[in-house]
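[1] next one to model:
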Amino acid sequence: MPVQIVEKHIDPDITVVEVSGRLALGRDSQRLEALVEELIQRGSRKLVLDMANVEYIDSAGIGLVALAAGKLKEAGGRCVVVAAEGRVLHMLNVTQINSIVTVCGTPQAAAAAFA
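    Down below sits the predicted model:
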């Protein structure tokens, strides 16, 4: 399944980007990178990357999470990742991406992490 990307807002200042499918090297990951840059340009500083429905993630996808976190930090913001149990959470832990972004189990917990 190709990656699906949906943007929504759960608070006036918290943007959620729901990602589902396969987050791997290719055009789809480039779309997500471009969206993150666009959100920063529009003033978003609190971003939740909801990856609970991502079936597969490769090193390019992990790099994209790190890149998004770095760009938001440079802009004075923060990125929180939602990853339910499974392969994606395992990959985030193995690569120690959780040392640079907060990883939560639900979108609600991710939103609360900004408080």
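[2] drop to CA atoms for contacts and neighbour counts, all remaining ones
    Fine.
[3] can you pull out the strands in this protein?
    Per DSSP state E, the chain carries strands over the ranges 4-11, 14-23, 46-57, 78-82, 102-104.
[4] determine which stretch of the ones you listed is the most buried.
    strand 78-82 (a mean of 25; mean count of other CA atoms under 10 Å).
[5] so what strands line up beside it?
    Sheet pairing of strand 78-82 (DSSP bridges) gives strand 46-57 (parallel), strand 102-104 (parallel).
[6] quick one on the thing from earlier: quick one: which of the strands of the chain is nearest Ala69?
    strand 78-82 (5.2 Å; CA to CA).
[7] need the strands of the chain in a markdown table (columns: distance to Ala34).
    Shown next, in a markdown table, are the strands of the chain (distance: least, CA to CA, whole Å):
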| stretch | distance to Ala34 |
| --- | --- |
| strand 4-11 | 12 |
| strand 14-23 | 12 |
| strand 46-57 | 14 |
| strand 78-82 | 15 |
| strand 102-104 | 22 |
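[8] isn't Tyr2 right up against Arg22?
    Quick fix: residue 2 is Pro, not Tyr. Yes - in this structure, Pro2 is within contact of Arg22 by CA atoms under 8 Å, at 5.8 Å.
[9] hmm, back to that, okay, the strands paired with strand 78-82 in JSON lines with distance to Cys79 next?
    Output for those, formatted as JSON lines (distance: least, CA to CA, whole Å):
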{"stretch": "strand 46-57", "distance to Cys79": "5"}
{"stretch": "strand 102-104", "distance to Cys79": "7"}
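[10] present these as TSV; the columns should include distance to Leu35 and mean pLDDT.
    Formatted as TSV, the strands paired with strand 78-82 follow (distance: least, CA to CA, whole Å; pLDDT from 0 to 100):
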stretch	distance to Leu35	mean pLDDT
strand 46-57	11	96
strand 102-104	20	96
